[in-house]
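Peer 1: Kindly generate the corresponding structure for this input.
(one chain, ligands or ions: 1)
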Amino acid sequence: MPGRASRPVIGVIANAFMINDTFPVSAAGEMNLQAVAKAADCLPLVIPALPEALSVPDLLDACDGFVFTGGRANVHPSHYGHDETEAHKPFDPKRDGVSLPLIRAAVEAGAPVLGICRGFQEMAVAFGATLHPEIRDLPGRMNHRMPPDGTVEEKFALRHKVEFLKGGEFHRILGVTEAMTNTLHGQGVMETGPRVVIEGTAPDGTPEALSIRDAPGFALGAQWHVEWMAWESAVGQAVYRAFGEAARARAARRLAA
Ligand SMILES: N[C@@H](CCC(=O)NCCCC(=O)O)C(=O)O
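Peer 2: Predicted coordinates for the structure are as follows:
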């Protein structure tokens, strides 16, 4: 079809930042963009954290699938019915304003959705879950935050095991019931809504992988950074291959319609 990209277009959700405390920008990490291009064989397109400039129907039309990336800022607790405290900060209301409505609409439309770290938490919240602001304060929980010092390779090193739900989507895609993962988050999913299926758990009980019950398309989230060198890791390759195939299938359906 003229004007149609040859590879599926994947909207990669940006975070809002300030450069030099002066210039507002929307930015998505290169690792997320590379993983979409190299491991899913799709075209990554950054979606700015500018809710007033975007419309959900336009995004569903422009993109074949969506990656909800990690981010230092946390989902505002008002989105899951909790009061704001110091422990919940920092926030990125512009990203909240794009990602939460887009996740709900994309899942219901059958557009492939992959949530990573903050994106995993957004998927959970979008479907009724709550978050805890600092899970290392909970009894029996380990510290899931990244090491404060060290190289980026040290920050993204594999640090704990995740056990996957037998017969779940992750188990089906990965073909294994456990894998080692990196871990770079302070918050965690607490109560799950009726549609949030926890498909992976860390040894301390922290939810690490999810799917959305009755989603008509690919709708998976990973609390760890599955994008990290995804094209070189068995888990990364499997997740992005499945995501890319789902995006190709949606693109083909839309072309035929
Ligand atoms: N803020 C949340 C989510 C953590 C997260 O996505 N970390 C990634 C940071 C690196 C990046 O900017 O991509 C939490 O702390 O739980």
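Peer 1: and the most centrally placed residue in the chain, what helix or strand is that in?
Peer 2: By CA atoms, centre = their mean, the chain has its centre lying nearest to Gly115, at 1.7 Å. Applying DSSP states H and E as the criterion places Gly115 in strand 113-116.
Peer 1: Contacts for that strand next, please.
Peer 2: 32, 65-70, 103, 106-107, 121-123, 210, 212, 215, 217-222, 224-227, 239-240, 243 (CB atoms under 8 Å, 6 or more residues apart in numbering). All C-beta spots, glycine's among them, are computed from the backbone N, C-alpha and C.
Peer 1: Around the ligand, which positions in the stretch 51-200 of the chain sit nearby?
Peer 2: Within the stretch 51-200 of the chain, the residues that sit near the ligand (CB under 6 Å from any ligand atom) are 70-72, 74, 117-118, 121, 184-187.
Peer 1: Narrow the residues you listed to just the buried residues.
Peer 2: By neighbour count, with 16 or more other CB atoms under 10 Å, those hold 70-71, 74, 117-118, 121, 184-187 as buried.
Peer 1: how about the CA coordinates for stretch 174-181, as CSV?
Peer 2: The C-alpha coordinates for stretch 174-181 follow below in CSV (Å, rounded to 0.1, in the frame of the first residue of the first chain):
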residue,chain,number,x,y,z
LEU,A,174,10.2,-18.4,26.5
GLY,A,175,9.8,-22.1,26.7
VAL,A,176,11.3,-22.1,30.2
THR,A,177,9.8,-21.7,33.7
GLU,A,178,12.6,-19.5,35.1
ALA,A,179,15.2,-17.0,34.0
MET,A,180,17.7,-14.6,35.6
THR,A,181,16.8,-10.9,35.2
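Peer 1: Can you say which two of the buried ones among the residues of the stretch 51-200 of the chain next to the ligand are spatially most distant?
Peer 2: Across these, no pair lies farther apart than Asn74 and Leu184, at 13.2 Å, counting by CB to CB.
Peer 1: who's in contact with the nearest residue to the residue nearest to the centre of the chain once chain neighbours are set aside?
Peer 2: Nearest non-adjacent residue to Gly115, counting by CB to CB, 6 or more residues apart in numbering: Gly221, 3.4 Å away. For Gly221, the contact set (CB under 8 Å, 6+ apart) comprises 68, 114-116, 119-120, 123-124, 209-211.
Peer 1: Partner strands of the helix or strand harbouring Gly221 and their direction?
Peer 2: Element membership for Gly221 (DSSP H and E) is strand 219-222. Listed by DSSP bridges, the sheet partners of strand 219-222 and their directions read strand 113-116 (parallel), strand 207-212 (antiparallel).
Peer 1: Now the first one: average pLDDT?
Peer 2: Strand 113-116 shows an average pLDDT of 99 in the prediction.
Peer 1: swap in stretch 71-90?
Peer 2: Across stretch 71-90, the average pLDDT comes to 98.
Peer 1: Contacts for that stretch, please.
Peer 2: The contact list for stretch 71-90, computed with CB under 8 Å, 6+ apart, reads 15-16, 91-93, 95-96, 100, 117-119, 121-122, 125, 128-131, 133-134, 186-187.
Peer 1: If any of those residues are buried, put those into a ChimeraX selection.
Peer 2: This is how ChimeraX selects the buried members of the contacts of stretch 71-90, with burial counted by 16+ other CB under 10 Å:
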select :15,16,91,92,95,96,100,117,118,119,121,122,125,129,130,131,133,186,187
